[in-house]
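Undergrad: Below are the sequence and a predicted model for it; my questions follow.
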Amino acid sequence: MRIELRFCKHCFEGEHENAHKTAVTRDLVACARTVKQYKDVIDLDDVHLRSIREDEEDDGRPAAIPAVAATIQNEQVTVSDTQLVTMGENGYMLVYPNPADALKVLAGNVDEISKVAGEDIVPELSPESAEILADKSAGENDEYPTPDAGEGAPDPDEMPDTAPDKMGASGPLPDAVSDIVDDKYK
Ligand SMILES: [Zn+2]
């Protein structure tokens with residue numbers, strides 16, 4: 001399996017003034033680095049970290065796996081700045097655009113490595129992330145709704161980790177992404 005974590009550089013640096021997302025983003029990166037370091041232990045082919053910046057030169061294109069999660073905001077395609085993408089041996093790709101889900105996947109890998117390697121390699125996580133990982137009832141939790149939360153979904157202002165930040169790639173599907181899609185699927 002291959003894994004690519006794309007994360008918002010600004011959230012990582014604390015520049016998006018969302019302390020919760022900054023904490024979770026840093027933990028996502030910490031977990032992904034740990035998984036990358038020990039990838040051979042659980043036979044992962046590749047673990048790629050890709051930071052996404054809000055500027056015109058960065059269109060949010062994938063680095064290693066050609067799948068991108070997007071939402072429509074104000075009738076424009078907006079690429080999610082933080083997402084985890086996995087690709088299995090069978091070629092199936094899974095995209096996790098919700099940082100809480102991405103964290104659970106990466107933390108699961110870290111746990112698995114810990115068990116196989118027989119050593120505790122879990123990075124120190126923020127209280128915010130510890131709370132996400134302790135929450136077994138994801139999907140029923142208002143704070144981290146699944147995409148099908150439907151009516152009753154909370155106000156976007158109260159969903160710090162699920163509302164994607166706008167980034168340079170908003171607007172019609174960027175040519176660069178279209179090119180990638182074309183190249184890979186022709
Ligand atoms: Zn951000």
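TA: Perfect, thanks for sending it.
Undergrad: what pairs with the residue nearest the centre of the chain across the strands?
TA: Nearest residue to the geometric centre of the chain (C-alpha atoms, centre = their mean): residue 83, 2.4 Å. Residue 83 has these beta-bridge partners by DSSP bridges: residue 6.
Undergrad: near the ion, which residues of this protein show up?
TA: For the chain, the residues in contact with the ion under the definition C-beta under 5 Å from the ion are 8, 10-11, 16, 165. (C-beta placed from N, C-alpha, C; glycine too.)
Undergrad: would you list these in CSV and tack on neighbour count and secondary structure?
TA: Conversion of those to CSV gives the following (neighbours: other C-beta atoms under 10 Å; DSSP: H, G, I helix; E, B strand; the rest coil):
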residue, neighbour count, secondary structure
8, 27, strand
10, 21, helix
11, 28, helix
16, 18, coil
165, 17, coil
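Undergrad: for this protein, which spans come out with low pLDDT?
TA: 136-186 (pLDDT under 70).
Undergrad: Do a quick rundown of the strands in it.
TA: Remark: strands assigned in the chain by DSSP state E are 2-8, 46-52, 70-73, 76-79, 83-87, 93-96.
Undergrad: so what's residue 110 up against?
TA: With C-beta atoms under 8 Å, 6 or more residues apart in numbering as the criterion, the residues that contact residue 110 are 31, 34-35, 121-123.
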